[in-house]
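Enquirer: Provided below for reference: sequence and predicted model.
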Amino acid sequence: MQKFSSRFFIACLMYTTTSLAVAQAPAPADPLPSWNSNPTKSAIMAFVQRVTEPGTADFVPVPDRIATFDNDGTLWAEQPVYFQAQFAIDNVKDMAPDHPDWQTTEPYKSALAGDLKGVMATGKEGLVKLLLASHVGMTETQFNASVMDWLASAKHPTRDVPYPQMAYQPMLELLNYLRANDFDVYIVSGGGIDFMRVFAESVYGVPPENVVGSTAHATYEMRDGIPTIVKTGDLIQMNDNVEKPVAIYRHIGRRPIFAAGNSDGDMQMLEYTTIARNSEDTTPRLGILVHHDDAKREWAYDRVSAIGKLDQALDAAPQYGWHVISMEQDWRQIFPAEKN
């Protein structure tokens, strides 16, 4: 009887201890805490789990886990004007004394007057002129320093915070989540490649070699015995629309299995990523579009916007199975400085 009681006591103790250990075991940390728990978040996490589960038909080897993200409007805000355009406007103002003709010539006239609507009214051609003029003749060192200085001092015109704080907290979490699951993350944007490479690593954790963007011509010179790259005013490639898949092919060399954008300019990148090439192409793929529908916390715009127009891609999303992210419904928090 004594032996039975002792054994019974020990068994009860072990059961109680085990139960307490199970009860006290912390739940796995949510990798996407700024996302509301809904079908969009579930679809993203389910996709990542599918392609990273060894021994399953959907498993994707690490080298093929390529994810591409647009930048403006996808990773950080883009209103009331593209941030690189604001950088160019500020540079053009500093350069204006050497260019008196800019006072009467667009897009410089609007830029010098601080007329953002006027700048945007000049269209893509005007923006390109402004961007190229803002750095022509600079060495790579000078340009990088000018971008770093601007990011350290300039503030968003309506939010009054440094531009890096206009990055989207949910997307920062998504970048980290993908990297934690051995995805190789790239930025594929219409923005200038040299501009984005300066801050991509500090803001997004994306190294400069993983940045693909619009490209301008540059030359090589020896200046005082020092090898030097000098920027010119000649555009090589505007990395938007149909140029994005071409740039992915040239720069990355692997087709992505995940792509994120926010505008019609990203449509072809999502097509290239998600549409199966043939009946044997069964690799899981995911495309997402950030829909700016939160006028209270950010901005609300889509089909008729001069910036980040989302029209054709929005219509195509159901056909191709792209997930449309509602900022209003899907994101608990938008910017890093906000509190949940």
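Expert: That came through, no problem.
Enquirer: show me where this structure has helices.
Expert: 2-24, 39-52, 83-95, 108-112, 116-121, 123-133, 140-153, 169-180, 193-204, 243-251, 267-274, 312-320, 327-330 (DSSP state H).
Enquirer: most tightly packed of these?
Expert: helix 267-274 (a mean of 23; mean count of other C-beta atoms under 10 Å). Every C-beta, even on glycine, is put in place using the N, C-alpha and C of the backbone.
Enquirer: closest one to I226 among the helices of the chain?
Expert: helix 140-153 (9.5 Å; C-beta to C-beta).
Enquirer: just the residues contacting the closest one, thanks.
Expert: By C-beta atoms under 8 Å, 6 or more residues apart in numbering, the surrounding residues in contact with helix 140-153 are 87, 90-91, 135, 138, 162-164, 194-195, 198-199, 218, 228-231.
Enquirer: which residue packs closest to V198, ignoring adjacent ones?
Expert: Spatial nearest neighbour of V198, chain neighbours left out: V147 (4.2 Å); criterion: C-beta to C-beta, 6 or more residues apart in numbering.
Enquirer: same thing with S214?
Expert: Leaving aside its sequence neighbours, S214 sits nearest to N239 (C-beta to C-beta, 6+ apart; 4.5 Å).
Enquirer: contacting residues around the one you found?
Expert: 188-190, 193, 212-215, 247.
Enquirer: same deal with Q319?
Expert: Counted by C-beta under 8 Å, 6+ apart, Q319 has zero contacts.
Enquirer: what's the spacing between it and K109?
Expert: 43 Å (C-beta to C-beta, to the nearest Å).
Enquirer: now D234
Expert: Note on D234: its distance to K109, by C-beta to C-beta, is 23 Å.
Enquirer: and for D30?
Expert: Distance, D30 to K109, using C-beta to C-beta: 50 Å.
Enquirer: so H291 is in contact with I325, correct?
Expert: Yes. H291 lies in contact with I325 (C-beta atoms under 8 Å); the separation is 6.0 Å.
Enquirer: more crowded one of the two?
Expert: Legend: neighbour count by other C-beta atoms under 10 Å for H291 and I325, higher for I325 (26 against 21).
Enquirer: still on that earlier bit, need the helices of the chain in TSV (columns: mean pLDDT and distance to D70).
Expert: Converted to TSV, the helices of the chain look like this (pLDDT from 0 to 100; distance: least, C-beta to C-beta, whole Å):
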stretch	mean pLDDT	distance to D70
helix 2-24	46	43
helix 39-52	98	16
helix 83-95	94	13
helix 108-112	96	24
helix 116-121	90	19
helix 123-133	90	16
helix 140-153	97	19
helix 169-180	99	10
helix 193-204	98	11
helix 243-251	98	8
helix 267-274	99	7
helix 312-320	99	11
helix 327-330	98	15
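Enquirer: and A300, which of those is closest to it?
Expert: Among the helices of the chain, the nearest to A300 by C-beta to C-beta is helix 327-330 (8.4 Å).
Enquirer: how far off centre is that closest one?
Expert: Relative to its chain's centre, helix 327-330 lies at 17 Å (C-alpha atoms, centre = their mean, to the nearest Å).
Enquirer: export stretch 86-99 to PDB, keeping only CA atoms.
Expert: The C-alpha coordinates for stretch 86-99 follow below in PDB (Å, rounded to 0.1, in the frame of the first residue of the first chain):
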ATOM      1  CA  GLN A  86      11.000  65.900 -53.500                       C
ATOM      2  CA  PHE A  87      14.700  65.200 -53.200                       C
ATOM      3  CA  ALA A  88      15.200  66.400 -56.800                       C
ATOM      4  CA  ILE A  89      13.100  69.500 -56.200                       C
ATOM      5  CA  ASP A  90      15.300  70.500 -53.200                       C
ATOM      6  CA  ASN A  91      18.400  69.900 -55.200                       C
ATOM      7  CA  VAL A  92      17.200  71.900 -58.100                       C
ATOM      8  CA  LYS A  93      16.400  74.800 -55.800                       C
ATOM      9  CA  ASP A  94      20.000  74.800 -54.700                       C
ATOM     10  CA  MET A  95      21.300  74.600 -58.300                       C
ATOM     11  CA  ALA A  96      18.900  77.300 -59.600                       C
ATOM     12  CA  PRO A  97      21.300  80.300 -59.500                       C
ATOM     13  CA  ASP A  98      23.400  78.600 -62.100                       C
ATOM     14  CA  HIS A  99      20.400  78.000 -64.400                       C
END
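Enquirer: which one (most neighbours) among the contacts of N239?
Expert: The most neighbours of any of the contacts of N239, using other C-beta under 10 Å, belong to S189, which has 31 neighbours.
Enquirer: what sits against that residue?
Expert: 69-72, 196, 211-214, 239.
Enquirer: quick check: the farthest pair among those?
Expert: Top of the distance list for these (C-beta to C-beta): F69 and S214, 15.6 Å.
Enquirer: list phi and psi for D311.
Expert: Per-residue torsions, D311: phi -130, psi -70 (degrees, to the nearest 10).
Enquirer: now do it, the pLDDT please.
Expert: In this model, D311 is scored at 99, pLDDT.
Enquirer: quick check: the gap between it and M327.
Expert: Here D311 is placed at a distance of 17 Å from M327 (C-beta to C-beta).
Enquirer: try R65
Expert: Per C-beta to C-beta, R65 is found 26 Å from M327.
Enquirer: same check, this time on L174
Expert: Using C-beta to C-beta, L174 is found at 14 Å from M327.
Enquirer: alright, that wraps it up for me.
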